[in-house]
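J.: here is a sequence with its predicted model. Questions after.
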Amino acid sequence: MHRLLGLFTIFLFFFNTHVAANEPISLRFYGYISHQVIYDSYRSLDTRDGEIYFYPLRANFDALGNDLNKKPKLNMVEVQSRFGMRTSEADILGGKLTGVLEADFLGTHQDYTRMLRIRLAYVNLAWERHQLLIGNAFHPAFVLECFPNTVGFAAAVPFHPLNRSPQIRYQYQPFNKMRLSLSLLTHGYHRSTGPAEAQKNSGLPDTQFHLQFGDGRNQALGFIAGYKFLTPRDITGSGISTSETIGSYNIQAYAKQVFKGWSLKTEVIYGQNLTNLLMIGGYGAKGLPGQIDLLGDYKYANMNTMSTWIDFETHGKPFGAGLFAGYTANLGSDHHYISLPGYSRNDDLHYVFRVSPRLQYQTGNLTFAFEWSVVGAAYGTEWDSRRKVITTDEPSINHHMIFATRYNF
């Protein structure tokens with residue numbers, strides 16, 4: 001808390017210095033207060049006291065055949081409430097400089113919920129056709145022009161990526177409705193499953209290329225491709241030095257079109273170990289049981305994951321409505337695969353689906369919204385040696401309901 005207040009104090013000091021020197025600089029404060037009532041009919045994987053929701057847990061039966069997870073849960077939370085400030089200044093190195101500093105109360109882990117965390121902290125220099133962004137900002141896989149506008153927080157994870165990371169991003173606009181960008185990132189608090197320092201220890205950045213057509217506001221068509229490296233261990237279980245590294249890729253395509261009074265968005269994502277994007281999958285040991293020593297050195301194998309979603313929304317006021325539908329699945333590995341504890345987000349999952357209608361009422365800066373999600377998760381019971389599902393349990397089904405109140409300022 002003291003550190004964040006210190007940053008605000010420094011920020012305001014420089015702002016006052018510029019004003020005193022009559023330099024053209026602007027400063028705007030913004031944010032919102034959020035309250036959500038969250039109800040679940042079935043125990044599920046979630047975090048931040050339910051604000052970030054994934055999917056129902058695997059059925060767990062007692063000796064009498066009762067599913068121990070088929071029990072309701074109710075909570076009220078305000079932790080996504082946020083505040084931030086944005087400053088802009090003209091004629092810096094021949095361009096326009098924008099600075100953003102934003103925080104909320106979700107913390108960086110369930111254990112730190114209700115503690116302040118930095119969401120955004122970046123500077124952006126913009127020239128006529130070039131931009132340079134440096135700082136903590138949204139991962140390129142989270143496309144600001146095309147994401148599900150669900151009532152539930154986190155933009156419909158695990159179907160859609162969610163990630164903010166420290167990065168350096170260069171963007172070039174060769175034509176008015178075409179943009180290309182190249183980003184070099186490290187993983188902050190949105191990390192892959194497995195050892196927390198794995199990406200950092202690789203010594204290599206997460207590299208992402210993004211191509212977008214359209215004006216972004218009314219139309220957007222884009223493609224993203226990226227590659228990252230992880231070095232999970234420096235020392236084997238038997239105490240021997242290792243530098244074994246695994247690479248993984250992500251590719252996605254998306255489209256948005258705004259019509260008169262409504263809009264439609266859709267996206268398809270395919271990749272390996274997308275867990276740093278809060279999606280399913282992960283990685284494990286490469287090989288067959290009995291052929292490798294898990295205390296010694298070994299190579300790694302990625303899980304392949306796909307996801308697709310579509311989001312429909314009306315833009316009427318004071319009433320609006322929307323419908324989200326998503327599907328994601330684990331597709332197994334390209335190699336023989338041994339599951340490692342903590343290295344995946346449920347590599348025993350086969351698929352997850354979600355259908356979420358929503359309604360909202362807005363008056364001025366105050367919004368009331370309701371969303372009812374039917375979420376199903378099917379878990380595997382048998383796999384082949386590459387972790388591809390052979391047989392599956394009946395899906396666990398949860399009714400995930402949210403009533404939200406939000407005041408923007």
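T.: Sure thing, it's come through.

J.: by contact count, what packs against the helix or strand where residue 201 lies?
T.: Element membership of residue 201, judged by DSSP states H and E, is helix 198-202. Applying 3 or more CB pairs under 8 Å, 6 or more residues apart in numbering; DSSP states H and E, one finds that helix 198-202 contacts strand 219-230. The way it works is simple: take the backbone N, C-alpha and C, and place the C-beta from them, glycine included.

J.: let me see the mean pLDDT of the strand it packs on.
T.: Average pLDDT, strand 219-230: 98.

J.: buried ones in the next helix or strand after it?
T.: Scanning forward in sequence from strand 219-230 by DSSP H and E, the next helix or strand is strand 246-259. Residues 246, 248, 250, 252-256, 258 are the ones in strand 246-259 that count as buried (16 or more other CB atoms under 10 Å).

J.: which ones are touching the most centrally placed residue in the chain?
T.: Computing the C-alpha centroid of the chain and ranking residues by CA atoms, centre = their mean puts residue 162 first, at 0.9 Å. With contact taken as CB atoms under 8 Å, 6 or more residues apart in numbering, residue 162 is in contact with 52, 142, 154-155, 190, 277-278.

J.: what's the answer for residue 306, then?
T.: Residue 306 neighbours (CB under 8 Å, 6+ apart): 268-270, 328-329, 331.

J.: what of residue 44?
T.: 53-57, 375, 398, 400.

J.: before we move on, back to that, pipe the buried residues of strand 246-259 into CSV and attach distance to residue 339 and pLDDT per row.
T.: Listed next are those as CSV, based on distance: CB to CB, whole Å; pLDDT from 0 to 100:
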residue, distance to residue 339, pLDDT
246, 15, 98
248, 17, 98
250, 21, 98
252, 26, 98
253, 30, 98
254, 31, 98
255, 35, 98
256, 37, 98
258, 44, 97
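
J.: got JSON lines for the residues you listed, with distance to residue 115 too?
T.: Converted to JSON lines, the buried residues of strand 246-259 look like this (distance: CB to CB, whole Å):
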{"residue": "246", "distance to residue 115": "32"}
{"residue": "248", "distance to residue 115": "31"}
{"residue": "250", "distance to residue 115": "30"}
{"residue": "252", "distance to residue 115": "32"}
{"residue": "253", "distance to residue 115": "37"}
{"residue": "254", "distance to residue 115": "33"}
{"residue": "255", "distance to residue 115": "38"}
{"residue": "256", "distance to residue 115": "35"}
{"residue": "258", "distance to residue 115": "38"}
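
J.: what pLDDT does residue 90 get?
T.: Looking at residue 90, its pLDDT is 87.

J.: any idea which element it lies in?
T.: strand 82-92.

J.: surely residue 192 meets residue 200?
T.: No: using CB atoms under 8 Å, residue 192 makes no contact with residue 200, being 10.9 Å away.

J.: looking at those two now, which is surrounded by more residues?
T.: Higher neighbour count among residue 192 and residue 200: residue 192, with 26 against 15, using other CB atoms under 10 Å.

J.: contact partners for the more buried one?
T.: Applying CB under 8 Å, 6+ apart to residue 192 gives the contacts 198-199, 228, 230, 273, 275-276, 282-283.

J.: swap in 6 Å and give it another go.
T.: Residue 192 sits next to 273, 275-276 when contact means CB atoms under 6 Å, 6 or more residues apart in numbering.

J.: how about it, phi and psi?
T.: Backbone torsions of residue 192, given as degrees, to the nearest 10, read phi -70, psi 160.

J.: tell me the secondary structure for the residue nearest to it when sequence neighbours are not counted?
T.: Leaving aside its sequence neighbours, residue 192 sits nearest to residue 276 (CB to CB, 6 or more residues apart in numbering; 4.4 Å). Secondary structure, DSSP: H, G, I helix; E, B strand; the rest coil: residue 276 is helix.

J.: what is the burial count for residue 276?
T.: Residue crowding around residue 276 was assessed by other CB under 10 Å; the count is 26.
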